[in-house]
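Novice: got a sequence here, can you build the structure:
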Amino acid sequence: MNNNGLLLVLICLSGFHTTGFSQTESGTINDAEDLSTTTSSVLDKLEQIEEVDPKEWGIRNGCISRSRIRSIRFIDDQSAIVKMMGKKKILLTMRKECNGIAREGFITRVNGNKLCAKFDRFEVIDRGMSCAIESFEPYIEPVTAEDSVDR
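Specialist: The predicted structure is shown next:
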């Protein structure tokens, strides 16, 4: 994962809320155990991210097999979540913003049985705009404070 992807994950992970903490008369902080649990689970998640091998997600030489793709859902006009067979997800990033792709839909322009960064493209339906794929990276769901407290 490149440094920008790791920074994005760090920003997402640091967004958990810290409300609900108050100081009691004895000077102790309520929910300190919950904070400790949340902090350790966030750190555990960061360790997992650093150890990620793209091959375990089916990413080889910047390509993924089309036959393993269950769905592609654009979350904005430059990035999409690709659900693969099994439970793995991949973050697909476009080279630049592809106006309307999230709202209008797309057609894939692929040569062969693989979807490859730098080579393959998506075309926005009814616009004819063609956009190139920049990269594929393993996607790991961010941890929220609620997730870690439920453990």
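
Novice: who's in contact with whichever strand or helix holds residue 81?
Specialist: Per DSSP states H and E, residue 81 falls inside strand 79-84. For strand 79-84, the surrounding residues in contact (CB atoms under 8 Å, 6 or more residues apart in numbering) are 57-58, 64, 68-75, 89-94, 136, 139. Where you see a C-beta, it was placed from the backbone N, CA and C, and this is true even at glycine.

Novice: which of the residues you listed fall in strands?
Specialist: Among the contacts of strand 79-84, the subset assigned to strands under DSSP state E consists of 64, 69-74, 89-94, 136, 139.

Novice: now, which of those residues sits nearest residue 111?
Specialist: residue 64 (14.1 Å; CB to CB).

Novice: check which residues of the strand holding residue 81 are buried.
Specialist: Of all the residues in strand 79-84, those buried under the rule 16 or more other CB atoms under 10 Å are 79-80, 82-84.

Novice: out of the ones in strands among the contacts of strand 79-84, which are buried?
Specialist: Of these, these count as buried by 16+ other CB under 10 Å: 64, 69, 74, 89-94, 136, 139.

Novice: quick one: low-confidence parts of this structure?
Specialist: For the chain, the stretches with pLDDT under 70 are 1-50, 143-151.

Novice: which stretches in it count as strands?
Specialist: 63-65, 69-74, 79-84, 89-94, 106-109, 114-116, 121-124, 130-139.

Novice: for those strands, give me a markdown table that also has distance to residue 53.
Specialist: Shown next, in a markdown table, are the strands of the chain (distance: least, CB to CB, whole Å):
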| stretch | distance to residue 53 |
| --- | --- |
| strand 63-65 | 14 |
| strand 69-74 | 19 |
| strand 79-84 | 15 |
| strand 89-94 | 13 |
| strand 106-109 | 26 |
| strand 114-116 | 19 |
| strand 121-124 | 26 |
| strand 130-139 | 8 |
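
Novice: out of the ones you listed, which is closest to residue 52?
Specialist: Residue 52 lies closest, by CB to CB, to one member of the strands of the chain: strand 130-139, at 4.7 Å.

Novice: parallel or antiparallel, which strands does the closest one pair with?
Specialist: If you go by DSSP bridges, strand 130-139 pairs up with strand 89-94 (antiparallel), strand 121-124 (antiparallel).
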